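A.B. asks: Quick one: sequence plus predicted model below, questions after.
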Amino acid sequence: MTFWLPLLAFAFGSLLVTAVVYALTAKPASIDDRLRDVMGAQAAAEQSDQSSEQVMAFLKRIGERLPKSPKDLTKIQLRLVQAGYRNSEALPVFLAIRVGFALALFALCMTPVLVKPNLAMALAAAGFGYVLPGMALARKAKKRQHRIRLSLADALDLLVVSVEAGLGLDQALARVGQELAFAYPDLSSELRLVNLELLAGKGRSEALRNLADRTGVDDLSSLVAMLVQTDKFGTSVANSLRVFSETLRTKRRQRAEEAAAKTGVKMVFPLVVCIFPAIWIVTIGPAVIRFIQVLGPMGSK
């Protein structure tokens with residue numbers, strides 16, 4: 001009898017574990033259940049899209065009623081385009097967000113929720129909230145410019161191959177924009193916009209200059225100037241692109257070397273603030289403790 005007890009216990013434990021696993025395991029959904037889930041997900045997505053559209057429409061109405069300065073509007077519009085926001089609604093929405101941030105921080109500092117109400121602090125918080133969206137937009141524009149700058153070398157290689165294969169410059173730009181759609185969507189969208197402008201009847205020089213203005217990338221501005229001069233003087237586009245590609249890769253290597261040279265200077269601040277105090281505590285701390293233990297009783301006497 002004692003021999004069967006461990007076997008029965010093992011069998012009972014195995015059955016118990018199997019039952020628990022079977023209960024916790026989700027049953028395969030039927031076709032109707034899966035279709036219902038898909039339709040529910042689509043309905044939820046449509047509801048979220050409608051709510052976001054309503055929020056955008058509300059912000060647009062607020063932004064359109066705000067006082068505007070033409071000089072500031074030009075700068076903000078250019079920065080929005082450089083950040084990738086080309087929609088006509090982007091400017092009023094950004095203005096509404098900026099004012100909303102300022103009012104929200106002002107109200108937060110004037111209510112006794114976090115700190116004691118203070119008018120000077122509330123005004124400073126409102127000014128910070130007014131500037132913060134512009135800082136975020138500038139950072140987003142710089143990130144996009146950096147992505148375009150990194151993708152320009154590969155785009156130039158494809159452009160050289162396309163031109164040497166017999167395509168014209170306009171067809172080569174359109175082809176490169178299609179090929180880079182997956183790897184570099186930012187540059188691809190800009191090249192497609194150039195192609196649309198050319199199809200709409202704009203001159204090549206004007207379309208290329210618009211490309212340089214929209215992106216704000218210095219390397220792309222140099223490329224546009226080179227292409228405009230090549231088109232004006234009738235020189236070989238393929239040779240010009242090949243020379244510019246080599247120059248661009250040299251500039252990229254120089255930028256990498258410059259960033260590597262700055263690494264030592266940038267490491268000084270973390271070393272001084274974070275690492276050196278810990279090293280001093282570990283090395284000098286025991287000697288200080290021993291010094292206090294030895295000289296402390298002598299001073300009390």
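C.D. replies: Looks like it came in fine.
A.B. asks: got any ranges where this protein has weak pLDDT?
C.D. replies: 1-52, 54-56, 58-60, 63, 113-115, 296, 298-301 (pLDDT under 70).
A.B. asks: again, only using 50
C.D. replies: Low-confidence regions of the chain, defined here as pLDDT under 50, cover residues 1-3, 5, 9, 12, 20-21, 23-29, 35, 38, 41, 43-45.
A.B. asks: residues contacting the closest residue to Glu179 other than its chain neighbours?
C.D. replies: The shortest distance from Glu179 to any residue other than its chain neighbours is 5.9 Å, reached at Leu158 (CB to CB, 6 or more residues apart in numbering). All C-beta atoms are positioned from the backbone trio N, CA, C, and that covers glycine. Remark: with contacts taken as CB atoms under 8 Å, 6 or more residues apart in numbering, Leu158 is in contact with 175-176, 179-180.
A.B. asks: quick one: buried residues of the helix or strand harbouring Arg252?
C.D. replies: Assigned by DSSP states H and E, Arg252 falls within helix 237-266. Taking 16 or more other CB atoms under 10 Å as the basis for neighbour counts, the residues of helix 237-266 that come out buried are 237-238, 240-242, 244-245, 248.
A.B. asks: Could you dump these into JSON lines and include distance to Thr74?
C.D. replies: Compiled in JSON lines, the buried residues of helix 237-266 are given as follows (distance: CB to CB, whole Å):
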{"residue": "Val237", "distance to Thr74": "33"}
{"residue": "Ala238", "distance to Thr74": "38"}
{"residue": "Ser240", "distance to Thr74": "33"}
{"residue": "Leu241", "distance to Thr74": "33"}
{"residue": "Arg242", "distance to Thr74": "37"}
{"residue": "Phe244", "distance to Thr74": "30"}
{"residue": "Ser245", "distance to Thr74": "34"}
{"residue": "Leu248", "distance to Thr74": "30"}
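A.B. asks: okay, now the domains of the protein?
C.D. replies: Under the assignment named as automatic domain parsing, the residue ranges that make up the domains of the chain are 46-143, 144-257.
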